[in-house]
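1. Show me how the following folds:
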Amino acid sequence: MPKLNVLVAGSTGYIGVQLIKLLVKHKYINIRYLCGNSSAGKNISSYDKYLSKYKLPKIVKFNKKLLKDVEIIFTALPNGEAQDISKNLNYNHTLIDLAADFRLEKASDYLKWYKQKHRANNLIKKSIYLLPEINRKQIKKYNIISCPGCYPTSILLPLIPLFKKNLIKFSNIIIDSKSGYSGAGRGVHKKHKNKNLYESLSAYGVGFHRHNSEIDQMLKKFTKQKFEFNFTPHLSPMFRGILSTIYVELEKNVSKSKILSSLNSFYKKENFVKILKSDSLISTNDVINTNNCLISVCKSKFKNKIIILSAIDNLIKGGAGQAVQNLNNKFNFPEKTGLK
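-> Predicted structure coming up:
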């Protein structure tokens with residue numbers, strides 16, 4: 001079959017470069033344009049030498065005229081910019097956004113959490129927040145696909161099956177997540193230059209991190225009960241990877257083994273979610289450079305509580321890999337295409 005032409009806007013950030021590294025191996029994709037602002041005129045290989053062995057176009061500034069030559073637009077841009085691009089789409093285009101522009105279902109929530117007015121309010125209802133293992137069946141109806149944030153991916157994958165079956169108590173869920181600094185983008189080095197980024201662990205966004213909004217929005221779809229969670233992210237002195245530790249209390253007559261069997265049943269046919277043996281200790285090193293999410297259910301010192309560990313590579317399963325997974329589902333390609 002003929003290859004689909006792709007434009008990548010925001011091609012030089014950590015996520016953008018990772019996306020290109022996946023797309024160059026995708027047999028159904030032709031990278032037509034790479035877009036950037038200050039990087040225009042440069043080769044993408046100057047941002048990652050691995051890409052020097054591929055024949056790729058030079059980086060150009062985005063112009064809406066470029067859209068006539070492509071079917072798929074990936075956006076890995078600062079929040080708000082994909083909204084502007086979305087206004088120029090026609091019915092032949094599919095926009096896959098790796099930022100937060102279409103993650104929230106209400107423009108008022110976007111304003112609350114991202115402190116800017118949504119510039120494509122009329123297109124929110126024409127977009128979908130797509131976590132493939134959870135709601136991939138809905139993807140065919142939409143041409144604007146919003147990829148979940150990295151932290152929510154690691155958190156929602158273990159929690160949604162438990163919410164669906166009411167296996168845990170919905171009060172006082174505690175989520176502690178640690179991420180490599182690549183999740184904060186290339187600007188992290190300037191932003192944290194006085195914080196000894198490479199040798200210290202830092203909490204940030206305590207109580208009010210933006211990803212609270214999409215975690216809350218998504219979990220509400222799977223229960224009518226009120227629920228409460230506390231989510232605290234940390235910036236860790238490593239380049240990539242996320243490890244989320246989730247503390248939950250079990251409902252009456254629910255055992256740790258039942259939680260484990262429920263997760264195994266829910267994800268048994270999935271390519272990228274792996275449920276490990278009970279009490280397995282996992283690290284980010286187990287998932288680096290993969291599109292996998294590893295989940296481990298561990299005992300607590302309290303009989304009525306468990307501790308769930310969830311690990312992903314924030315740049316792949318938490319970003320570029322999930323975007324390619326959504327691409328594959330949208331166009332009926334085998335889901336592992338470009339992700340092996």
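2. Where does the prediction get shaky in this protein?
-> 187-195 (pLDDT under 70).
3. Strands of the stretch 151-300 of the chain, residue ranges please.
-> 173-180, 202-203, 229-236, 242-249, 273-275, 293-299 (DSSP state E, counting those that start in this stretch).
4. Please enumerate the helices of the stretch 151-300 of the chain.
-> Here the stretch 151-300 of the chain has its helices, by DSSP state H, counting those that start in this stretch, at 188-191, 211-219, 256-267.
5. out of these, which comes closest to M238?
-> helix 188-191 (12.3 Å; Cβ to Cβ). Using the backbone N, CA and C atoms, a C-beta is placed for each residue, glycine as well.
6. about what we covered before: I'd like the strands of the stretch 151-300 of the chain as a markdown table, with distance to Y110 and mean neighbour count appended.
-> Formatted as a markdown table, those follow (distance: least, Cβ to Cβ, whole Å; neighbours: other Cβ atoms under 10 Å):
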| stretch | distance to Y110 | mean neighbour count |
| --- | --- | --- |
| strand 173-180 | 22 | 21 |
| strand 202-203 | 25 | 13 |
| strand 229-236 | 19 | 19 |
| strand 242-249 | 23 | 22 |
| strand 273-275 | 28 | 21 |
| strand 293-299 | 26 | 22 |
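7. quick one, what contacts the nearest residue to I175 once chain neighbours are set aside?
-> If the residues on either side of it in the chain are set aside, I175 comes closest to F231, at 4.4 Å by Cβ to Cβ, 6 or more residues apart in numbering. Residues in contact with F231, defined by Cβ atoms under 8 Å, 6 or more residues apart in numbering, are 151, 155, 175, 177, 209, 211-212, 215.
8. Apply 7 Å and report the result again.
-> 175, 209, 212, 215 (Cβ atoms under 7 Å, 6 or more residues apart in numbering).
9. does the second one really touch P233, like I thought?
-> Looking back up the chat, that one is H209. Yes. Between H209 and P233 there is a contact under Cβ atoms under 7 Å: 5.3 Å.
10. now the helices of the stretch 151-300 of the chain as CSV including mean neighbour count and distance to I242?
-> Below are those laid out as CSV (neighbours: other Cβ atoms under 10 Å; distance: least, Cβ to Cβ, whole Å):
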stretch, mean neighbour count, distance to I242
helix 188-191, 12, 15
helix 211-219, 20, 11
helix 256-267, 17, 18
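11. Of all those, which one is nearest K58?
-> Distance to K58, taken as Cβ to Cβ, is lowest for helix 188-191 among those, at 25.4 Å.
12. Give me the distance between the residue in the chain sticking out farthest from the centre and L34.
-> Most distant from the centre of the chain: N253, at 33.9 Å, with distances by Cα atoms, centre = their mean. Distance of N253 to L34, given as Cβ to Cβ, to the nearest Å: 55 Å.
13. what do you get for S179?
-> As judged by Cβ to Cβ, S179 and L34 stand 26 Å apart.
14. Next: E133.
-> For E133, the distance to L34 - Cβ to Cβ - is 29 Å.
15. Name the residues that touch stretch 46-57?
-> 12, 17, 20-21, 24, 31-34, 44-45.
16. in it, what counts as buried?
-> Within stretch 46-57, the residues that qualify as buried by neighbour count (16 or more other Cβ atoms under 10 Å) are 47, 51, 56.
17. Check the offset of that stretch from the chain's centre.
-> 24 Å (Cα atoms, centre = their mean, to the nearest Å).
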